[in-house]
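Student: Take a look and give me a structure for this.
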Amino acid sequence: MRILFTKNDKFWSKVLMWTFEEPVSHLALEFDNLNLVIESSSHGVKIKRSSYFIDKNIPQMILNIPCSYDEEVNVFNCVMNYLEGEKYDFNAYFWLGLLGFRRKFFGIPLPDRNIMQSVDGYLCTEILFPITSFLYNNGYDLYDIDLSIMTPHGLYLKMIEKYTIDKNKIA
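Tutor: Here you go, the predicted structure:
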């Protein structure tokens, strides 16, 4: 299993990277053994074939999470049972964008939480929420992080900063 931190040529991807001055705009979970990707984008939480996703998105950073086939299937099912069919959180996205502009132009840091986060919509970073304990058991402690206020690159930096097992797993 891999956590992909990606960019693409779409307008909103470029706006997000420019606003936050970061090299990526998106996060997705890739299940190697299943040849599938789960992502939350403007169309909601979706499953895509890995090859299709990679054709449209360029991975810039990858976190490898070693797991057996059975573990990968369990993680996939956990994420889908929790998020399947859920919509994208546009309010949280645009609020985060507004906060990004404030940071870019006025130097105002991001708050610790996204006050516009909805309970029934998900940003791409929030697809990790259902597997927080699995990630913790694999060295990534996300328990004290509000995933709705994190950009994909900000989350990547937080994850490698807080990584507790083996730095060699970071690609």
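
Student: buried ones in the helix ranked longest in the chain?
Tutor: Secondary structure of the chain per DSSP state H: the longest helix is helix 90-106. Residues of helix 90-106 classed as buried: 92-93, 95-96, 99-100 (neighbour count, 16 or more other C-beta atoms under 10 Å). (C-beta placed from N, C-alpha, C; glycine too.)

Student: Looking at those, spot the one nearest residue 49.
Tutor: Ranked by distance to residue 49 (C-beta to C-beta), those are led by residue 93 at 24.9 Å.

Student: Please report how far the closest one lies from residue 117.
Tutor: Distance from residue 93 to residue 117, counting by C-beta to C-beta, to the nearest Å: 10 Å.

Student: give me the number of residues near the residue nearest to residue 126 when sequence neighbours are not counted?
Tutor: Of all residues not flanking residue 126 in the chain, residue 147 sits nearest, at 4.6 Å (C-beta to C-beta, 6 or more residues apart in numbering). Residue 147 has 21 neighbours, counted by other C-beta atoms under 10 Å.

Student: quick one: the helices in the protein?
Tutor: Counting by DSSP H, the helices of the chain are 11-20, 50-56, 69-83, 90-106, 132-137, 152-161.

Student: Most tightly packed of these?
Tutor: Per residue and on average, the most neighbours among these fall to helix 152-161, with a mean of 19 (mean count of other C-beta atoms under 10 Å).

Student: Which strands and helices lie in contact with that one?
Tutor: Taking 3 or more C-beta pairs under 8 Å, 6 or more residues apart in numbering; DSSP states H and E as contact, the helices and strands that helix 152-161 lies on are strand 2-7, strand 26-31, strand 58-64.

Student: now these in TSV, with mean pLDDT?
Tutor: Listed next are these as TSV, based on pLDDT from 0 to 100:
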stretch	mean pLDDT
strand 2-7	98
strand 26-31	98
strand 58-64	96
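
Student: ok, so what distance separates residue 155 from residue 149?
Tutor: Noted for residue 155: a distance of 10 Å to residue 149, by C-beta to C-beta.

Student: repeat for residue 156
Tutor: On the measure of C-beta to C-beta, residue 156 and residue 149 end up 14 Å apart.

Student: Could you do residue 56 as well?
Tutor: Counting by C-beta to C-beta - residue 56 and residue 149 are separated by 26 Å.
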